[in-house]
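1. Got a predicted model here, sequence first, then my questions.
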2 protein chains.
Amino acid sequence: MEIINGAEMSAKILAQIKDKLASSADKPKLEIVFIGNNSASQVYVAKKKEAGEACGIEVNVTHRLEATTQEVKDIILKAAQDDSVNGIILQLPAPNIDLEQVLPLIPLHKDVDGLNPLTLGRLWHNNIELIPATVKAIIKVMEYIATKQGLELQPFLSGKRVLIINRSLIIGKPLAALLINYDATVSIAHSKSGNLNEMVRISDIVISGTGQQGIFDIRECKKDTILIDAGFSRQGDKVYGDIDLDADLNVSYLSPVPNGIGPIGVACLLENTLQTFLDQSKL
Amino acid sequence: MEIINGAEMSAKILAQIKDKLASSADKPKLEIVFIGNNSASQVYVAKKKEAGEACGIEVNVTHRLEATTQEVKDIILKAAQDDSVNGIILQLPAPNIDLEQVLPLIPLHKDVDGLNPLTLGRLWHNNIELIPATVKAIIKVMEYIATKQGLELQPFLSGKRVLIINRSLIIGKPLAALLINYDATVSIAHSKSGNLNEMVRISDIVISGTGQQGIFDIRECKKDTILIDAGFSRQGDKVYGDIDLDADLNVSYLSPVPNGIGPIGVACLLENTLQTFLDQSKL
């Protein structure tokens, strides 16, 4: 079994961003709107800011412990109109905020996390300009494995059975759109799915992002299964994913938590911000 | 096994539409843009026109054997601006037309087939106003079966494994969005999926819309499987679905072809047109 090294993949992406910005007079800017005090969100936001500093992207965090939907709309509209802002995300969950009113205000060319419903609709129409950050991280891990097998992503994924245990707007839903486009057979499961073992047993790739360890029995995985952990939970200072790393794992590849999709996703968010910055400079 | 009577369900919906329009001075109008001469499309368009006449909805077909993308854009823009048009569909497939340019021109409040990418994105965001016609037909069949079991659709579908063998813009992609919203576990398969039997074997509901008989072995279905045929092919004058009706079927419900989703979908398209007509009258 090979364990994906997320820290290394992330560092490479950040170094490439830094290189590309070395000769730039302007700095790309990412606006993060963070409402509430969800502890996982605090960790994510801090990591995004830190990684931005490391590679030359300004990350501005607008944090409110509480806010009305109108206040969030105003913050996003201001960033939407500000030419110095290249990417905008609303850190989810955003408690008590009506997303239906807020998310459509993120302009498509600044939608680095794919939160605008039109971005998601276009993904399902195979009209892809920016791949939402966390999905991009998962795709990059798959590309890495495909390359090891001497394949492009498309033939690697064609006909493969992929089980996604997550139906969120930032993982399950956009990821399914992309994988179907790559000719994978895609199943989307979630907390109400009940016993998942029968599905795990026939899957070539399992992506689990529930924040709940033991949501399925990893012993049910096939020997050549690719297992990608996109879960996140904390107990004290320790971070856990959905897959118990101490278990007797008998799969071909594992992208673990910590040190897997998390840091790669942060780097992809900044890579997307660089992309929108470069696209806007061309205009 | 109970066989769903699509003609009967369709007739009921059309009768309800006729009733609701009995006292109306104005007639709702559906614009169908039909490019090319696909033989299945010819059948569908004729059935839509005929059903519209039966229930009091005007169906205007703009048919071109060949057209440029710009011509189709112009036709749709004209219908979009015409207050007397309540619903617009582009009959798919539309050969040599760049859908990416055309489909976003269908206004959301006239998008009775769910073709605008924003409509699909909103479905994935659980923001549902109009359910695309064919998907609505499939949902109505599920509702009928749920009611027979004394259940609302949500508890009926919650945790059920649904296999959709279709990844089109009018069936697989929007249907998956809705079913996930109803807490079903959803798998999307297609022509590149290879052997489907392992998936069929663990599915509670199978919806097959490939136009290809024998895409899976129906003997693999569980005894209590619900089988919904959304396929369509023709040999001479005879119409076939994906399920061989002469086979020894051992399932609980079958929505067959012909006389299943086809006529119900036509009625749902007109029901959607009625809905947009009534919504617009309220303005």
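-> Done, it's in.
2. gap between A:Val43 and B:Ala247?
-> 55 Å (C-beta to C-beta, to the nearest Å). C-beta here means a position set from N, CA and C on the backbone, and glycine is covered the same way.
3. Likewise for A:Glu152?
-> A:Glu152 is 39 Å from B:Ala247, by C-beta to C-beta.
4. How about A:Thr147?
-> Distance, A:Thr147 to B:Ala247, using C-beta to C-beta: 44 Å.
5. Got phi/psi on the closest residue to chain B within the stretch 1-150 of chain A?
-> Going by C-beta to the nearest C-beta, chain B is nearest to A:Gly121 of the stretch 1-150 of chain A, at 2.6 Å. Backbone geometry at A:Gly121, expressed as degrees, to the nearest 10, gives phi -60, psi -40.
6. Could you verify my assumption that it touches B:Thr119?
-> Yes: here A:Gly121 reaches B:Thr119: they are 7.0 Å apart, a contact under C-beta atoms under 8 Å.
7. For A:Asp204, which non-adjacent residue is spatially closest?
-> Distance criterion C-beta to C-beta, 6 or more residues apart in numbering or on different chains; nearest residue to A:Asp204, sequence neighbours excluded, is A:Lys160 at 4.4 Å.
8. and if you look at A:Lys140?
-> A:Ile264 (6.1 Å).
9. Relative to the whole chain's centre, how far out is whichever strand or helix holds that neighbour?
-> Taking DSSP states H and E as the criterion, the element that holds A:Ile264 is helix A:261-282. Relative to the mean C-alpha coordinate of its chain, helix A:261-282 is positioned 12 Å out (C-alpha atoms, centre = their mean, to the nearest Å).
10. That helix: which residues count as buried?
-> Neighbour counts over helix A:261-282 (16 or more other C-beta atoms under 10 Å in any protein chain shown) mark A:261-277, A:280 as buried.
11. what pLDDT does the residue sitting nearest the centre point of chain A get?
-> Geometric centre of chain A, nearest residue: A:Thr134, 0.9 Å, by C-alpha atoms, centre = their mean. Per-residue pLDDT puts A:Thr134 at 98.
12. which bits of the stretch 101-250 of chain A sit near chain B?
-> Applying C-beta under 8 Å from any C-beta of the partner chain, we find that the stretch 101-250 of chain A lies next to chain B at A:103, A:116-122, A:124-125, A:127, A:158-159, A:161, A:167, A:169, A:173, A:176-177, A:180, A:183, A:185-190, A:192-194, A:198-199, A:202.
13. Which of those fall within helices?
-> Secondary structure from DSSP state H places A:117-122, A:124, A:173, A:176-177, A:180, A:198-199 of these in helices.
14. before we move on, back to that, tell me which strands and helices the helix holding A:Ile264 is in contact with?
-> Packing partners of helix A:261-282 (3 or more C-beta pairs under 8 Å, 6 or more residues apart in numbering or on different chains; DSSP states H and E): helix A:6-21, strand A:29-35, helix A:39-55, strand A:87-90, helix A:133-148.
15. What mean pLDDT does the second one get?
-> Going back to what we said before, that points to strand A:29-35. 98.
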